[in-house]
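Enquirer: Quick one: sequence and predicted model below, then my questions.
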Amino acid sequence: MTMSTASRTNCLVYLIGAGPGDPGLITVRGRECIARADVVIYDYLANDELLSFARPDAELIYAGKVGGQHNRAQWQINELLVRKALEGRIVARLKGGDPFVFGRGGEECEALVTAGVPFEVVPGVTAGIGAAAYAGIPLTHRNVTTSVAFVTGHESPGKKSSDIDWEGLSLGSGTVVFYMGVKSLPHITENLMAHGRRADTPVALVRWGTRPEQEVLVGTLADIADKVRRTGFKAPAITVVGEVVRLRKTLRWFDNRPLFGRSIMVTRAADQAGEFSVMLRSLGARVLECPTIAIAPPESWDDLDSAISRIDTFDWAIFTSFNAVRFFFQRLDAAGRDSRALGACRICVVGPKTAEALAPYGIRPDLVAADYKGEGVIEALRDVPLAGKRVLFPKGDRARDVIPTGLAAFGAHVEAPVAYRNAAPDALPAGTIEELEDRRIHCVTFTSSSTVQNLAAILGENRMLHLLEGVIIASIGPITSRSCRELGLQVHIEPQEYTLAALTAEMVRHFSAPA
């Protein structure tokens, strides 16, 4: 197979180790190469989240397993890599773990060399290291062992001879890590004990290591195979054999976090879910981002632009959300003005997050309402002389009339232009319904009335109630909780302070409480 000079110049294959599962474990270089690629060919064990680093126009090709069987044989993958490269394209070959540790990366590179295709190998965190670390098992420890061996466990018990040096592995005192060895576990344990390894040697199996669904099963060489059979423990998993397994009791850190094993659905807008998701993931939760709300500009900017053109006539401006701040200053900028235009206008905000949103514009609020509701703003301004004063209140299209009505009662003249809309998406992200139907979601969070109302609109009220039956409902505050109850949902979690941090803390308390 030959290629033209142009193709030879343009083509390149990156062989990238995707790590063992946690998308955060991919290397910086790995991310860069995915972002450069014209084609991404990915495996069963490579986390799908890594595909978000690919260009929108990149061709994505799955080369993993379908129905438990390999989608493509290795020779077919080799040919696919060569063919795509010879088209003059940059190819990212995304492989679980490290491509050169039981990843058959060497075979793929040999095929590329034969075809004259240039390539680069980007190492990754191999499963044996990553899964053991996330299980709290150091593979080496100065007081326990200073050696470790990585061995394939994918040997058939019926083979006439083994390629594994069982005697060397058994008589040494080091740690042994077996890859792909769940089905062959009886064969592995029997051989280790037959060649001199003590029957009480501790063993740990780590399934889906580094992921939120990680499972760890601990036993000894004598009983681990029976435990696997009785519990139905399945692949993919790595097996760690050695005295270092005993350290898990002390060093366990990942799967004992307060929200570990909980699948939580976040319904915030896609561009605002990140902060909340990070909080939950740091506590061990598996997060499913399912935006039921999209923040959009109003149907017309006329009212807000008109108010901005008269900004020097207002005595107060009230901001009750990050979005109100964002859209107000976008339109102020569109008018060719900046924060200086506010002049002597005093600023009232709801909560510290809204105050933080003003900081980039060099503004510190004069008043921060302690209660994160419209009623809190009224209370905060109760002792402020407002009779005859003009107040600007840029709001969302679904904002309640509490603030305009309450301030009007104080004699203020309130102008409340719509600064943004809460729009409902046409459908939920792929896989969301399946997750709910299969009862894999433990908790659904709602951070505004719009998030729950839109979910009901998308699914239909009856279907929503059916899908959320038995699911813990976490609401950020009483207004959102009221919307939940009006739709027939029982609210299980509601913090006293209406912030994401407080909601997260309340969720931890709920799931940590004795059953």
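Expert: Good, I have the coordinates.

Enquirer: ok, the most centrally placed residue in the chain to Asp98 distance?
Expert: The structure's the chain has its C-alpha centroid closest to Val287; by C-alpha atoms, centre = their mean the separation is 5.5 Å. When distance is defined by C-beta to C-beta, to the nearest Å, Val287 is 26 Å away from Asp98. From N, CA and C alone the C-beta is placed, and that goes for glycine too.

Enquirer: what's the answer for Ser339, then?
Expert: In this view, Ser339 and Asp98 are 51 Å apart by C-beta to C-beta.

Enquirer: mind checking how far the residue lying closest to Glu243 once chain neighbours are set aside is from Glu434?
Expert: Closest residue to Glu243 apart from its sequence neighbours, by C-beta to C-beta, 6 or more residues apart in numbering: Val144 at 5.0 Å. Distance, Val144 to Glu434, using C-beta to C-beta: 44 Å.

Enquirer: Tell me which of the two has more neighbours.
Expert: Shown here are Val144 and Glu434; by other C-beta atoms under 10 Å, Val144 has more neighbours (17 against 9).

Enquirer: which residues touch that one?
Expert: By C-beta atoms under 8 Å, 6 or more residues apart in numbering, the contact list for Val144 reads 242-244, 247.

Enquirer: Hmm, the residue nearest to the centre of the chain is touching Val266, no?
Expert: Yes - Val287 lies in contact with Val266 (C-beta atoms under 8 Å); the separation is 5.9 Å.

Enquirer: Spit out the residues that contact the two alike.
Expert: Applying C-beta under 8 Å, 6+ apart, one finds that Val287 and Val266 are jointly contacted by 277, 280.

Enquirer: low pLDDT regions in the stretch 1-150 of the chain?
Expert: 1-9, 45-46, 65-70 (pLDDT under 70).

Enquirer: can you pull out the strands in it?
Expert: Along the stretch 1-150 of the chain, the stretches classed as strands by DSSP state E, counting those that start in this stretch are 12-17, 39-42, 59-62, 65-66, 69-70, 90-95, 119-122, 148-152.

Enquirer: So for Met180, which of those strands sits nearest?
Expert: Ranking those by proximity to Met180 (C-beta to C-beta) places strand 148-152 first, at 6.4 Å.

Enquirer: picking up where we left off before, tell me the one of the contacts of Val144 nearest Gly30?
Expert: Val244 (28.1 Å).

Enquirer: So that closest one is in contact with Thr175, correct?
Expert: Yes - counting by C-beta under 8 Å, Thr175 is a contact partner of Val244 at 5.3 Å.

Enquirer: Identify the contacts common to the two.
Expert: Contacts common to Val244 and Thr175, judged by C-beta under 8 Å, 6+ apart, are 139-140, 145.

Enquirer: Let me know the closest of those residues to Val182.
Expert: Closest approach between the shared contacts of Val244 and Thr175 and Val182, by C-beta to C-beta: Leu139, at 19.2 Å.

Enquirer: wait, what's in contact with the closest one?
Expert: Taking C-beta under 8 Å, 6+ apart, we find Leu139 in contact with 128-129, 132, 148, 175, 177, 240, 244.

Enquirer: ok, and the closest non-adjacent residue to it?
Expert: Leu139 sits nearest to Val148 (C-beta to C-beta, 6+ apart), 4.5 Å away.

Enquirer: Hmm, the one you found is touching Thr140, no?
Expert: Yes - with contacts counted by C-beta under 8 Å, Val148 reaches Thr140, the gap being 5.6 Å.

Enquirer: What are the buried residues along stretch 500-512?
Expert: Neighbour counts over stretch 500-512 (16 or more other C-beta atoms under 10 Å) mark 500, 502-508, 510-511 as buried.

Enquirer: what mean pLDDT does it have?
Expert: Average pLDDT, stretch 500-512: 95.

Enquirer: For Asn256, find the nearest of the strands of the stretch 1-150 of the chain.
Expert: Where these are weighed against each other on C-beta to C-beta, the nearest is strand 148-152, at 24.1 Å.

Enquirer: what ranges do the strands span in the stretch 351-500 of the chain?
Expert: 367-369, 390-392, 395-396, 413-415, 418-423, 443-446, 472-475.

Enquirer: can you tell which of these is closest to Asn323?
Expert: Asn323 sits nearest to strand 418-423 of all the strands of the stretch 351-500 of the chain, at 5.0 Å, using C-beta to C-beta.

Enquirer: which one is Phe53 nearest to, not counting chain neighbours?
Expert: Residue nearest to Phe53 in three dimensions, not counting chain neighbours: Ile34, with 4.4 Å by C-beta to C-beta, 6+ apart.

Enquirer: still on that earlier bit, from the buried residues of stretch 500-512, which is closest to Ala317?
Expert: Checking the buried residues of stretch 500-512 against Ala317 by C-beta to C-beta gives Leu500 as the nearest, at 24.4 Å.

Enquirer: do you know how far that closest one is from Asp165?
Expert: Leu500 is 54 Å from Asp165, by C-beta to C-beta.

Enquirer: Sort out which residues of stretch 105-124 are buried, please.
Expert: Buried residues in stretch 105-124, counted by 16+ other C-beta under 10 Å: 105, 108-109, 111-112, 115, 117, 119, 121-124.

Enquirer: quick one: terminal-to-terminal distance for it?
Expert: 12 Å (C-alpha to C-alpha, to the nearest Å).

Enquirer: and what of stretch 243-251?
Expert: OK, stretch 243-251 end separation, C-alpha to C-alpha: 14 Å.

Enquirer: So what touches that stretch?
Expert: Taking C-beta under 8 Å, 6+ apart as the rule, stretch 243-251 contacts 135-141, 144-145, 173, 175, 201-204, 216, 218.

Enquirer: please redo it, this time with the cut-off set to 10 Å
Expert: 132-133, 135-141, 143-145, 148, 173-175, 198, 201-204, 206, 216, 218-220, 240, 255 (C-beta atoms under 10 Å, 6 or more residues apart in numbering).

Enquirer: Name only those of those that count as buried.
Expert: 132-133, 135-139, 141, 144-145, 148, 174-175, 201-204, 206, 216, 218-220, 240, 255.

Enquirer: quick revisit: now, the buried residues of stretch 105-124 that are in helices?
Expert: 105, 108-109, 111-112, 115 (DSSP state H).
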